[in-house]
Structures are given as C-alpha cells and as structure tokens.
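Asker: Below are the sequence and a predicted model; questions follow.
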Amino acid sequence: MNQSSFHDIDESEKGLKEFFNKCLRNWYWFVISITSCLLLSLIYLKIVRPKYDILTSILVKEVPKGQAEKKESVLDELNVFYDSKLIDNEMEIVKTRFLMENVVDDLNLTVSYFLDEPYTFDRIITSSWRNKELYNNSPIRITTYSLNDEAYENKVKIALVSSSLFRITNNDSKVYKFGEKISTPYGIIKVDLIKYPVDPSYKKLIVQFRTRDVTIEGYRDKMMVAPASENATVFNITLEESVPQKGIDILNDLIVEYNKQKLEVKKKEAFKALTFLDNRLQLLSSELKNAEADVEQYKSSKEITDISSESAILLEKVKENDLRLNQVDIQLKMFDNLGSSISTGEQIPSALLLDNKVLQDKIGKLNDLELERSRLLQSMGEKNPLVETVNEQIKNSQESINADIQQVKNELVLTRNNLLSNNSKFDASIRSVPQKERNLVTVERQKNLKEGLYIYLLQKREETALAYDTKVYDSNVVDPAHSSILPISPVPIRTFIIAFFLGTVLPILRFWSKSMFKSEKITDQRLVANITQAPILGVIGKNQSKEQLVVKPGSKTVISEQFKFLRTNLHYLNIGKSNRSILITSSVSEEGKSFVSLNLAASIALTGKRVVLIEFDLRKPTLSHYLKRGYKKGLSDFLKGTADAEEIIEQSDISENLFFIGCGTVPEDPAELLLNDDLEIIMSQLIPNYDYVLMDCPPIGLVSDAMVIEKFADMSLYVIRYNHTHYQQLRNITELYLSNKFKNMGIVLNSVDSADQFGPLYNKGYKNYYAESKPSKGILERFVS
C-alpha cells in the first residue's frame, strides 16, 4: 500500500466501523439507558394527568343562496329573520373571551377539588401518584369573596370534622363552620357542605385556587374551533380536559352562552327596528288620515263619485312609481343612518342591512369587533396591545364599509332620478285629464301611496315584534358534547416507544459527542492495523497502579501477561538471530514508550536473557525517574568523553540480567551529541555482549533523534496510546512503515481500557482470574482478625 492509497481510504467507513464497534463494546450503556428511560416514562405516566378530547358540533343556520335575489323590494330587508352569516364569524364568536368568562363564572372553575390521599406502598406500586380531582363529586363547595396571593401559590388542605365543622390544616388547627363567611390566611371565603353523609375517604381534601384571568385564558388555549368540512355550515369545538364530565359541562355551557348572546343581539336589533317602524307608522298614520279627508272633501265639494277607467289606469301606474320612489327614499335614509351608526361605533341592526351580501358580511364582522373591543376594555386600558389591534381592525373595516355604502348610494341616486323622470311624464298625462278628474287623481294618488306604505310597515312591525318575543336560536347542536373513550395524552404505548427510542439514542449521542470532543482519537486496534498495514505486536492494558514497573517475578496480572505476549511475538519474529537490538519510539510524548521499554526489558530479563536498556531520550529522561535512580553518569557523559563505558552501565535491582544506561547529564545539544562517533563505538560493544539491546528513543513526531539511532536497530516498536494518539498521526506511521525507514516496524497499542478490550464482564471474570494471589488465612487467624 503506497502513500496515495492511504489517502484513498474511505474515512467515513472508518468512522462508522469504529463507532459501531464502540457501541457493541459498550452494550451495557444501552441496557442502563433504556431501563432508566422506561422507568422515567412509567413515573411520568403516574404523575401526569391524562387528557381527554371533548367534542361537540354546531350547525349554523344560513339563508339559502338566491333568497336575497327573490326579495321584490327594498323594504323586504326590514325582515329581521334574514341574517346571512359567515361560519368564520360564528367560530370567532365562540372563541371570544366574553363567552368563556360566563362559563368560568357559571361553573365556578376557578376552584378545583382533589382528594388528599396518603402515599402508601400499595398506591406507589399499583396506582397513580396524582391526587384524584373530584369536580362534582366534592362534598363541599367554596365561594370566594377576596383571595390573596398566598391562596394562588399554595394548595389549601381542608379536613371535614363533622357535619357542621371543618378545619384548614395547612398552618393552623382552628375549626370553622360550614355556610359562614370566614376570614382565613388565604382570604375571605365561604365553605358549604353539599353532600352528607360523607365517604370517609373524602374527608381530607386539597383545594386549588386559580385567578379568573388564568382560568379563562387556560381554557381558551385548550379549546380549538374548526369547520367540519370545507363547504359545510357545521363547525366542531374541541377541548382538552383531564376530567371528562367537566369538559362536557364546559362545552354545553359554552353553547348555551353562545346562543344567549346571539339571541340578545337579535333582540337589540329587533328593538331598534321596532323603534324605526313605530316612528314611520306614527308619521304615516297622521298623513294617511289627512289624505283620506282630502279625498272625501274633494268628492263632496265637486259632487264626484268616481273617476273614468282611463284615469284609473293612469292612477295605478302613478301609484306604482310613487311607491318605488318612496322605497328608494327610505333606503337612502337607512344608508344615512347606517353611516352614522358606523361612525359612532354603535351596534348596527340587521333591519338596516340592505340587499347586499358583501355589505352584510362586513357589517356582521364589524359588530363582532365592536363587541370584542367592549369586552377587552372591561379588563384592560386603551393602550393595551390587544385593544390597539382590535381598534386597527375596526378602523379598516369601517373604511371598507363606508366605501361600499357610498357606491350603493350613488346607484340609488341614479335610480331615484329615473323614477323622478317617470313622475314628470305621468304629471304631463294627468294634465290632459279633465280638471275635476285631474284634481281627484292627485288627491287619490297621495292617499293610495300613504295607505300602501302604512299597511306594509304595519305587517313588518308584527313580524319584528314576533322576532323580539321569540327564542329561536340561529344554531343547532348536531353532535352533543362527548368525551373520547381513551385519553389522547399521555398514551402509554406511545410514551414507552418514545422512552425506548430515547434510551437507544442517548448512548449513541454520548459516544458521538465524546468522539467529537476527542478529535477522533484512536479507540479501535483493527482500524489501526487496516490503516497502517503494520502488524500490531502487542496490546497493553491501562496501568491502574501507581508504579510504572508492573512486570515482576511471580506477577500474574493481566498487564504482566500482556508484556509476556509481546515478548513472545518478538521472539518469533527474530528466530535465527543471536543478538537483537530494538528501537522503541512514539509520535508524541506521554504515549507510554518509556513504560513499554522498561516493562518489556524486565519481561525479557526474567527469561534469563541478558538485556541492556538504553535511555536515548536525552531531552526528557523518564526511565531514570521510573527507576528512582537519581543523578548518575550516563550516555551523554560518555558521548562528551567525561565517562567510560564501564562507568555508565549499571545492573538494575529488577533482575540480575537487566542492565541500564541512563541519560546522565541532560545536554544542551542532544541532536549534535548523538552524531558523535563515540555512539558507534559503544553500540558496537553492547550489541555483541547482550542478548537484547532496547533503545528508549525520543518521540519521532517531535525530533529527529530516533532517525539517527535507527541504524543500530534490528527492529522498531512504535507505541500508540489508546484514546490519546490521533488518527491523523497514523499517516506518519504509514509513511515510515511503507518506506521501510524503520526496519521490521511493529505497533504496540498501549493503555487500552479493560472494558473496551474485554467488555464489562472483565471485572467479574478475567480480572479475578489474573488477580494477585494472596495466602489464605487459617480459621483461627480469620476469627482473631
């Protein structure tokens, strides 16, 4: 494998393989994580209150399309029963704060009652940990007059003493009477006993107070209103509630309040229409009496009984044209009143809505906005953002309606001019009639016009009065409020699936984040072998002891056996050679090359081979520190010519077969010193006289000293530290191995974690097997100790 082939290695595949192997090695993390998440999900299900879907459906009555076009006159619009509404407007009305305010007040939803149940072992194991809400099953009812902040911040505990007495157990033992207004640390309240006798389990209660605003907005947030389908006039109201019966009562009361509000608005509109009709009828009654008197007086004075057939036909045409002209005048007057109502912000009655569907919808929306603004102003000021938003909507709606009104008025003026033109023609025809008949036609014309309008307005007044007194709602409940059979949240199966998924993902995220923060440090020996192609001659475990010398006579620890395995591999690689020189180096410091050098030398020496260990790291002499040697003359002194070879070779205390040459005086120019010819002299003396020569060299990634020493080595050991050496540094190792710059190079993977190497069972199996044996105590010794 050459340098270019190394760059072609699929890095992503390398990372995935390493990551997958790491997950397999740490399988116990998945067991712990999944078990913990499932346990937490079980606790969550016991604590969280289940939510049910409460649903009802409302049918909004609408006037069929085309009905407006069938109206034959403008005055038909005085029919207050006609109210073409948009379903969107009705849904917005249902969601208004005003309706929910009435519901909260009607059902006293600001006060909730719960059982005060003790946490017994049976409850913890088999039941839920949340207190049961009683709602209508509570034996007491509380009326609040004034509450302080402490009432909203604490749960008030009440104990029933008898049929007439109770106690608030939070902070005092005072006994109170039912049905009396009392002053408590939480405010002024009245507690009524509404069920007696009381079940013994219901004698200890927890009462929770919420502010009116919080309760109203809370239920508004939990309620959703949406059309049943695109073209239907049915909309659905959905509410999430933990007590199904409470949710059903809320929706039922909401519908009652919705119908009451619509009926009140309708009555107000009918009352305004009645006022308008009564004023017109009173005026017309007086005018009709005068017209009838004029006809009778003229006939009597001129002795005329009737008019000719030709004059009768002409009179009928004039009557029809005059009626239409009067209708247009009334319509223009109503539009003037409409514009005035819009500018003053008054509610606009449906009786004033003319034959204009678009205008009707816009006015209905404006009425809703005006009502919403009035309700908001009851609890907040003009500068409140919600009020300012509604004001802006009202302003835009008024501008749009005024533009439509002006356009309709322009069309009505044009129609009125045409009718006036027709009247001019009829006046010319009337002038051709004989004088007596002409005068009679004129007075009859005025009388017929007043009489027709009077009869029509009288009919409309009866219809309007009927609308004022009736209780016909504009909507029907097509699907009564009902609860879902199963809770919508939390769903146990879904909760456990999510918990299992999280339990699986969390360890993966942990390993991934750990690998990211460690900048892809080496954690897989197989990937090392694949990338570098160099053989891995040994895998040394993590040294858990404080001593650096772990290979000792009689030692049976795992790490001692691993050094024996490395020693065996080196023996088979060097079969046929009587003298062996081994160079030991690494990429950077703190990878354990000195640790490996010392214990490998000790392991070989214990086999009876003569070994000399040379400390070539003249910049940072670590072996001398490990052996607690102190200052003695060493290699640097020999190369400077201040010491002989015999002076620097020292027999170690580890074994009679292990000899050591230390660094000596730390030189200022170690690189130049190693180029001294005396180095070849001493190496030529050592190699023939010792079975093994081990050379602890400086890291090759930092200095070039190891390259100078390499010519004396038969083989090289490159130390890589697990979870310390970076993958990027494997490039240098690959280059050295493929270019054969270091002869017979092999890799030693150092400080491998036992769990990553053997798995979590190591602590119960291999570790105990390889543990140091201790002499067993006798029976008497154990008894005494």
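Answerer: Perfect, thanks for sending it.
Asker: In terms of secondary structure, what does the longest helix along the chain contact?
Answerer: Longest helix in the chain by number of residues (criterion: DSSP state H): helix 244-302. When contacts are defined as 3 or more Cβ pairs under 8 Å, 6 or more residues apart in numbering; DSSP states H and E, helix 244-302 packs onto strand 52-60, helix 87-94, helix 97-107, strand 234-241, helix 435-469, strand 475-483. C-betas here are computed from N, CA, C, even on glycine.
Asker: what stretches of the stretch 101-250 of the chain score poorly on pLDDT?
Answerer: Scanning the stretch 101-250 of the chain for pLDDT under 70 picks out no residues.
Asker: And the strands in it?
Answerer: For the stretch 101-250 of the chain, the strands identified by DSSP state E, counting those that start in this stretch occupy 111-115, 140-147, 156-160, 165-168, 175-177, 181-184, 187-193, 204-209, 223-227, 234-241, in order along the chain.
Asker: The fifth one - contacts with which helices or strands?
Answerer: Same thing as strand 175-177. strand 165-168.
Asker: What helix or strand is the closest residue to G452 other than its chain neighbours located in?
Answerer: Spatial nearest neighbour of G452, chain neighbours left out: L323 (5.7 Å); criterion: Cβ to Cβ, 6 or more residues apart in numbering. Per DSSP states H and E, L323 falls inside helix 309-344.
Asker: moving C-terminal of that helix, what's the next helix or strand?
Answerer: The helix or strand immediately downstream of helix 309-344 is helix 357-377, counting by DSSP H and E.
Asker: what mean pLDDT does that next one have?
Answerer: For helix 357-377, the mean pLDDT works out to 74.
Asker: Now the helix or strand following that helix: average pLDDT?
Answerer: Using DSSP H and E, the next helix or strand after helix 357-377 towards the C-terminus is helix 385-431. Mean per-residue pLDDT for helix 385-431: 78.
Asker: try stretch 494-507
Answerer: 96.
Asker: Please save the CA atoms from that stretch in CSV.
Answerer: The C-alpha trace of stretch 494-507 is given here as CSV (Å, rounded to 0.1, in the frame of the first residue of the first chain):
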residue,chain,number,x,y,z
ARG,A,494,-46.5,5.8,22.6
THR,A,495,-44.8,7.0,25.8
PHE,A,496,-42.9,3.7,26.2
ILE,A,497,-41.9,3.7,22.5
ILE,A,498,-40.5,7.2,22.8
ALA,A,499,-38.7,6.2,26.0
PHE,A,500,-37.2,3.2,24.3
PHE,A,501,-36.1,5.3,21.4
LEU,A,502,-34.5,7.9,23.7
GLY,A,503,-32.9,5.2,25.7
THR,A,504,-31.3,3.9,22.5
VAL,A,505,-30.3,7.4,21.1
LEU,A,506,-28.8,8.8,24.3
PRO,A,507,-25.8,6.4,24.5
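Asker: Mind listing residues that contact it?
Answerer: Stretch 494-507 is contacted by residues 23, 26, 29-30, 33-38, 40-41, 44-45 when judged by Cβ atoms under 8 Å, 6 or more residues apart in numbering.
Asker: If any of the residues you listed are buried, give me the PyMOL selection for them.
Answerer: Here is the PyMOL command that selects the buried residues among the contacts of stretch 494-507 (16 or more other Cβ atoms under 10 Å):
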select buried, resi 23+26+29+30+33+34+37+38+41+45
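Asker: among the contacts of stretch 494-507, which are in helices?
Answerer: 23, 29-30, 33-38, 40-41, 44-45.
Asker: quick check, nearest of the residues you listed to L376?
Answerer: Of all those, L376 sits closest to Y44, with 38.4 Å by Cβ to Cβ.
Asker: Isn't the closest one up against S489?
Answerer: No - using Cβ atoms under 8 Å as the test, Y44 is too far from S489 to be in contact (11.1 Å).
Asker: ok, the nearest residue to L277 once chain neighbours are set aside - contacts?
Answerer: Closest residue to L277 apart from its sequence neighbours, by Cβ to Cβ, 6+ apart: R461 at 4.5 Å. Neighbouring residues of R461 by Cβ under 8 Å, 6+ apart: L274, L277, D278, L281.
Asker: now swap in E650 and tell me
Answerer: R629, K632, F659, F660, I661, G662.
Asker: about what we covered before: possible to save the contacts of stretch 494-507 as JSON lines with pLDDT and distance to I54?
Answerer: Shown next, in JSON lines, are the contacts of stretch 494-507 (pLDDT from 0 to 100; distance: Cβ to Cβ, whole Å):
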{"residue": "C23", "pLDDT": "84", "distance to I54": "46"}
{"residue": "N26", "pLDDT": "87", "distance to I54": "47"}
{"residue": "W29", "pLDDT": "94", "distance to I54": "43"}
{"residue": "F30", "pLDDT": "95", "distance to I54": "41"}
{"residue": "S33", "pLDDT": "96", "distance to I54": "37"}
{"residue": "I34", "pLDDT": "96", "distance to I54": "36"}
{"residue": "T35", "pLDDT": "96", "distance to I54": "37"}
{"residue": "S36", "pLDDT": "97", "distance to I54": "35"}
{"residue": "C37", "pLDDT": "96", "distance to I54": "31"}
{"residue": "L38", "pLDDT": "96", "distance to I54": "31"}
{"residue": "L40", "pLDDT": "96", "distance to I54": "29"}
{"residue": "S41", "pLDDT": "95", "distance to I54": "26"}
{"residue": "Y44", "pLDDT": "93", "distance to I54": "23"}
{"residue": "L45", "pLDDT": "93", "distance to I54": "21"}
